[in-house]
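In: My questions concern the predicted model and sequence given below.
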Amino acid sequence: MEKVIRKSIDNAIDFVSSIWTDLLAAILILVIGYFLTKLIIKIARRGMDRTKIDFSLKKFFCNTIRIICYVILVISALSQVGISTTGLLAFFSAGAAAIALALKDSLSNISCGIILLFSRPFVTGDFIQFGSETGHVAQVDLMHTKIMTYDHRCVMVPNSVISSTEVVNYSTLPQRRVDVTVPVGYDADINRVKQVILDSLKTIPKVLDEPDKPFVRIMNFSESSVDFVVRVWTLTDDYWEVYHDVMETIKNALDKNDIPIPFNQLDVHMK
């Protein structure tokens, strides 16, 4: 029994002695490759920073480079110590097929995430609306798109959902039009109302004259009021500030000129 144990130990020592150089080379491949991978990613990140590529797309590229480099390193190290990678690749291929079948919904999100990153219907920082939610795009990952709403809620939307939903991107163009409805009484002088509103709009500094000057016209005859539509242009970043300024300025101007805003009422005539 002692001879058998001693022979096994001698065989193990001989095996280690025969492969120690290959084992050391494999370790060196992993260590050097790790630092080379970090250097490659650093260089790639600097190049993408110069081109001002979107943050989410930059992160996707860096993660892809890292995964590819790590796979190459592992295969190279295994080959160095004499382990055949053909069977290993076949094993991983079969495992990948089984995982893909089990995680088909997740893979759908990943494929949609890649499409969103490259088609770029919106980028990080854009203000978008989808369904009942509105907010700024905080990040686009492979699985989800992160939306930060105005009331500071973080909404994680699966990419398969947002790619199949109508999305309104308010940040695509540099200018937006502000539309406001102003009701006045039927006894009000139309021309005077228009002039009062136009004069009040001139006092708002962020209202633009391009692509069109401020517009004020009758839009509708309601049951209790004549409704004027007010349209002004402003920069996209100033939209909400101008929207509220227009509402407040018009209300103050109408009050100053004794032009009331009517409330819903019903006149009943009895005989």
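Out: Perfect, I can see it now.
In: Excluding covalently adjacent residues, which one is nearest to the residue most central in space within the chain?
Out: Against the mean C-alpha coordinate of the chain, by Cα atoms, centre = their mean, the closest residue is residue 137 at 3.4 Å. Counting by Cβ to Cβ, 6 or more residues apart in numbering, residue 126 is the residue found nearest to residue 137 once chain neighbours are left out, at 5.0 Å. Placement of C-beta: from N, CA and C, glycine included.
In: quick one on the thing from earlier: wait, the residue nearest to the centre of the chain sits on residue 146?
Out: Yes: using Cβ atoms under 8 Å, residue 137 makes contact with residue 146 at a distance of 7.4 Å.
In: now the helix or strand harbouring residue 230: mean pLDDT?
Out: Residue 230 is part of strand 226-235, with elements assigned from DSSP states H and E. Averaged across strand 226-235, the pLDDT comes to 92.
In: And the very next helix or strand once past that strand, how far out from the chain middle?
Out: Where DSSP H and E defines the elements, the next helix or strand beyond strand 226-235 is helix 239-256. Centroid separation for helix 239-256 versus its chain: 32 Å, with Cα atoms, centre = their mean, to the nearest Å.
In: ok, residues contacting helix 239-256?
Out: For helix 239-256, the external contacting residues (Cβ atoms under 8 Å, 6 or more residues apart in numbering) are 170, 176, 178, 180, 182, 184, 193, 196-197, 199-201, 203-204, 206-207, 230, 232, 234, 260-261.
In: Buried members of these into PyMOL, please.
Out: Restricted to buried positions by 16 or more other Cβ atoms under 10 Å, the PyMOL selection for the contacts of helix 239-256 reads:
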select buried, resi 176+178+182+184+193+196+197+200+201+204+206+207+230+232+234
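In: Next, residue 176: secondary structure please.
Out: strand (DSSP: H, G, I helix; E, B strand; the rest coil).
In: got a list of what residue 148 touches?
Out: Residue 148 sits next to 135-136, 138, 154-155 when contact means Cβ under 8 Å, 6+ apart.
In: go with 7 Å
Out: Shown in contact with residue 148 (Cβ atoms under 7 Å, 6 or more residues apart in numbering): 135-136, 138, 154.
In: What's opposite it in the beta bridge?
Out: On the basis of DSSP bridges, residue 148 is bridged to residue 136, residue 154.
In: quick one: low-confidence ranges for the stretch 51-200 of the chain?
Out: 52-57, 82-107 (pLDDT under 70).
In: picking that back up, next step: the contacts of helix 239-256 restricted to strands.
Out: If you go by DSSP state E, the contacts of helix 239-256 have 176, 178, 180, 182, 184, 230, 232, 234 in strands.
In: Only the buried residues of stretch 172-192, if you could.
Out: Burial within stretch 172-192, assessed by neighbour count using 16+ other Cβ under 10 Å, is assigned to 176, 178, 182-184, 188.
In: What's the end-to-end length of stretch 229-245?
Out: Length of stretch 229-245, first residue to last, Cα to Cα, to the nearest Å: 16 Å.
In: and it, which residues are buried?
Out: Buried residues in stretch 229-245, counted by 16+ other Cβ under 10 Å: 230-234, 238-239, 242-243, 245.
In: Check these and tell me the two furthest apart.
Out: 230 and 238 (16.3 Å; Cβ to Cβ).
In: between the ones in strands among the contacts of helix 239-256, which is closest to residue 118?
Out: Distance to residue 118 across those (Cβ to Cβ) is lowest for residue 176, with 26.8 Å.
In: isn't the closest one right next to residue 231, touching?
Out: No: using Cβ atoms under 7 Å, residue 176 makes no contact with residue 231, being 10.9 Å away.
In: Could you find the closest non-adjacent residue to residue 199?
Out: Nearest residue to residue 199, sequence neighbours excluded (Cβ to Cβ, 6+ apart): residue 253, at 7.1 Å.
In: cool, residue 108 as well?
Out: That would be residue 160: by Cβ to Cβ, 6+ apart, it lies 4.7 Å from residue 108.
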